[in-house]
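Peer 1: Make a model of this:
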Amino acid sequence: MVHSDEPVVTQVDDGREGGPGVATSANSQPSMVAAMLGCLDVRGAERVLEIGTATGHVAALLARRLGDDRVVSVEIDPLLADEAERNLAAVGSPRVTVVRADGEHGWAPGAPYDRLLATCALRHVPYELVRQVEPGGILVAPMARDFWSGAVLRLRVHEDGTASGRFRGGASYMPMKSHRAAPSGRPVDQSTARPADSDLDPRALLNLGFALYAGAALPGVSMVHAETGGTDRVWLLD
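Peer 2: Have a look, this model is predicted:
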C-alpha cells in the first residue's frame, strides 16, 4: 500500500474509539507529494516549516534533501507527533523539530522560514503563516472551500508583507482541524429549490475550473453533489 500511488489512511476519528470512521490522518498519495514538493522549489539551503506532520513521511523527505536542522514540522495531535518522531529517528532524521501545536498559528519561535508547506487543507490562508515566511519565500497549501474541488495554492511573499500567486492544480487533502466545515446533518431541502430547464449537464460543474471561478464569484454559496442510480444531481445552496 505504501508503495502504491494511493493515499493510505493512518487514523480515523482523531484516534477516538467507536466513532463513525471518518479519516483524519493519512500518508498522502506519492504523486501528490511530489507535485507539492515541486511547487515548494527547495534548492538545498532553505529552512522549511511543515504544517501537519502525520507519520513524518514528508518531513523525512525534506530532511533528506535539506538536513534535519532545516526542517520544523507542526502536529496538533500529540500521539501522531510521538509516532512521527519515532519514524523520523528510525530513518536517520532524529533532529527534525516536531512541535506539538495548532498549525494554524505556525511556529513563530522558529521563524522566519524560507518555505512553508501545509499538508492539510485550509479554508483560508491565515496571515500568521504569511508573516512567518521571509520576503521572497514560498508558501504552498491545498485549499478546501465550500465548493466541490480543492486546489493547490502557491504564494510568494513580498517585501511589503503581502503574498500573491496562482493555483497549481487540484488536490484533495483532509482539512486542518480548526478549518473543518461544520457538519450540516440535514439533507438538501428540495421543496424550496427553484428549478429551471437547461441543456447543461450538471457533471460539467464538477471540475476544478468551475469550483475556483464560482467559489470566488459566489461567496457564501456551497455546492452539494450526489450520484444515485447513474444520475448526477448538483444543488447550489445559500
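Peer 1: from here on, contacts and neighbour counts on C-alpha atoms
Peer 2: OK.
Peer 1: Run the chain-centre distance for stretch 59-78.
Peer 2: A distance of 17 Å separates the centroid of the chain from that of stretch 59-78, by CA atoms, centre = their mean, to the nearest Å.
Peer 1: Give me the residues contacting the longest strand anywhere in the chain.
Peer 2: Ordering each strand of the chain by length in residues (DSSP state E) puts strand 133-143 first. Strand 133-143 is contacted by residues 36, 39-40, 111-124, 130, 150-159, 161, 171-173 when judged by CA atoms under 8 Å, 6 or more residues apart in numbering.
Peer 1: Would you list the buried entries among those residues?
Peer 2: By neighbour count, with 16 or more other CA atoms under 10 Å, the contacts of strand 133-143 hold 36, 39-40, 111-123, 130, 150-158, 171-173 as buried.
Peer 1: so of these, which ones are in strands?
Peer 2: If you go by DSSP E, these have 113-118, 151-157 in strands.
Peer 1: Identify the farthest-apart pair in those.
Peer 2: Farthest-apart pair in these is 113 and 151; separation 23.1 Å (CA to CA).
Peer 1: can you pull the buried residues of stretch 96-112?
Peer 2: Buried, per 16+ other CA under 10 Å, within stretch 96-112: 96-104, 106-107, 111-112.
Peer 1: Redo the residues you listed as TSV? Include distance to residue 54, secondary structure and pLDDT.
Peer 2: Output for these, formatted as TSV (distance: CA to CA, whole Å; DSSP: H, G, I helix; E, B strand; the rest coil; pLDDT from 0 to 100):
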residue	distance to residue 54	secondary structure	pLDDT
96	14	coil	97
97	13	strand	97
98	10	strand	98
99	12	strand	98
100	11	strand	97
101	13	coil	96
102	13	coil	95
103	12	helix	94
104	15	helix	94
106	15	coil	96
107	16	coil	97
111	21	coil	97
112	23	coil	97
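Peer 1: And the residues you listed, which is closest to residue 13?
Peer 2: Closest to residue 13, out of all of the buried residues of stretch 96-112 and judged by CA to CA, is residue 102, at 17.4 Å.
Peer 1: Ramachandran coordinates for that closest one?
Peer 2: Main-chain dihedrals, residue 102, degrees, to the nearest 10: phi -80, psi 120.
Peer 1: Could you report the separation of it from residue 77?
Peer 2: Residue 102 sits 9 Å away from residue 77 when distances are taken as CA to CA, to the nearest Å.
Peer 1: cool, residue 38 as well?
Peer 2: Residue 38 is 27 Å from residue 77, by CA to CA.
Peer 1: swap in residue 202?
Peer 2: Taken as CA to CA, the span from residue 202 to residue 77 is 39 Å.
Peer 1: of those two, who's got more company?
Peer 2: Comparing residue 202 with residue 77 by other CA atoms under 10 Å, the one with more neighbours is residue 77, at 19 against 14.
Peer 1: Quick check: nearest residue in space to the more buried one, chain neighbours excluded?
Peer 2: Of all residues not flanking residue 77 in the chain, residue 100 sits nearest, at 6.9 Å (CA to CA, 6 or more residues apart in numbering).
Peer 1: beta partners of that neighbour?
Peer 2: Using DSSP bridges, the bridge partners assigned to residue 100 are residue 75.
Peer 1: Isn't it up against residue 75?
Peer 2: Yes - with contact defined as CA atoms under 8 Å, residue 100 counts as touching residue 75 (5.2 Å).
Peer 1: Now the common contact residues for these two.
Peer 2: residue 81.
Peer 1: how far away is residue 101 from residue 53?
Peer 2: 11 Å.
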